[in-house]
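Asker: Dropping the sequence and predicted coords here.
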Amino acid sequence: MTADASDLATGLSELAADRALLSRTSTAERVAAILRGRIAQGLFRPGVRLSEERIGGALGVSRNTLRESFRLLTHERLLVHRLNRGTFVRVLDVSDIHDIYRVRRLVECAALRGLGEPPYRLDEVRAAVEAGEQAAEKGDWQELGTANIRFHQAIAGLADSLRADDMMRGVLAELRLAFHVMADPRRFYEPYLSRNREILNTLDAGDAAAAERMLGFYLEDSRRQLIEAYPDEPESAGRR
């Protein structure tokens, strides 16, 4: 079994567990939310072709519902449809990475800048940091990556904006597609775990301005590291 086939099989198994989240009145938006979440967890790799029959069977939804969810995720730049070939998980290029980080700085740093007076509500941020530390203790680097995504979603959530939350869910899921290029996920994710804790501790101390500065340097370091690792010509199947 190839690596892509193995990844798809794992993803389908996880989707079967998600079936319980859907009811007979489930909508394409709910299916899209599940698939978006699984992409953000790294279960579907860039360039993988998504089988309507197998995914629809795993979730127990009609082909029409699944196709509509695919269209929603294509609009979010997570999937791409190829005529007579099917739907694929999108492969990002370097310009995508630059743009994603531009949006992240606009949203995440602004969320910290607008916090106002402490104390701040940091339960979600704290839970994400602790989940990352637990994943590192177990040596589960994929789960550490997922916890890191949760951390940044929680940082954006401090803006208390449903629109910002929705946008960041898509942006961070798209970013997870780029992380697959990192040959050594531990080397990529582990250094940022201590920086997540440092940002949390700084927010706990009530210094949002310092936390924002730290986050700005953090995002720039992450962007540079990812760009340096990114191939000049990613595989074409899941390109725009």
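Answerer: Received it, and whenever you're ready, just let me know what you need.

Asker: Domains in this protein, by residue range?
Answerer: Recorded structural domains for the chain (assignment: automatic domain parsing) are 3-89, 94-229.

Asker: Arrange the ones you listed in TSV, one row each, with mean neighbour count and mean pLDDT as further columns.
Answerer: Just so you know, the C-beta spots here come from the backbone N, C-alpha and C atoms, and that holds for glycine as well. Listed next are the domains of the chain as TSV, based on neighbours: other C-beta atoms under 10 Å; pLDDT from 0 to 100:
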stretch	mean neighbour count	mean pLDDT
domain 3-89	17	84
domain 94-229	17	94
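
Asker: Gly206 - nearest residue in space that isn't next to it in sequence?
Answerer: Here the nearest residue to Gly206 in space, its sequence neighbours aside, is Pro118; by C-beta to C-beta, 6 or more residues apart in numbering that works out to 3.3 Å.

Asker: got the contact list for that neighbour?
Answerer: Applying C-beta atoms under 8 Å, 6 or more residues apart in numbering to Pro118 gives the contacts Leu203, Gly206, Ala208.

Asker: From the residues you listed, which land in helices?
Answerer: Leu203, Ala208 (DSSP state H).

Asker: farthest residue from the center of the chain?
Answerer: The outermost residue of the chain, judged against the average C-alpha position, is Glu117 (29.8 Å), by C-alpha atoms, centre = their mean.

Asker: From Leu43, how far off is that one?
Answerer: According to C-beta to C-beta, to the nearest Å, Glu117 stands 40 Å off from Leu43.

Asker: on that earlier part again, going by distance to Arg105, which of the contacts of Pro118 wins?
Answerer: Arg105 lies nearest to Ala208 out of the contacts of Pro118, by C-beta to C-beta, at 15.6 Å.
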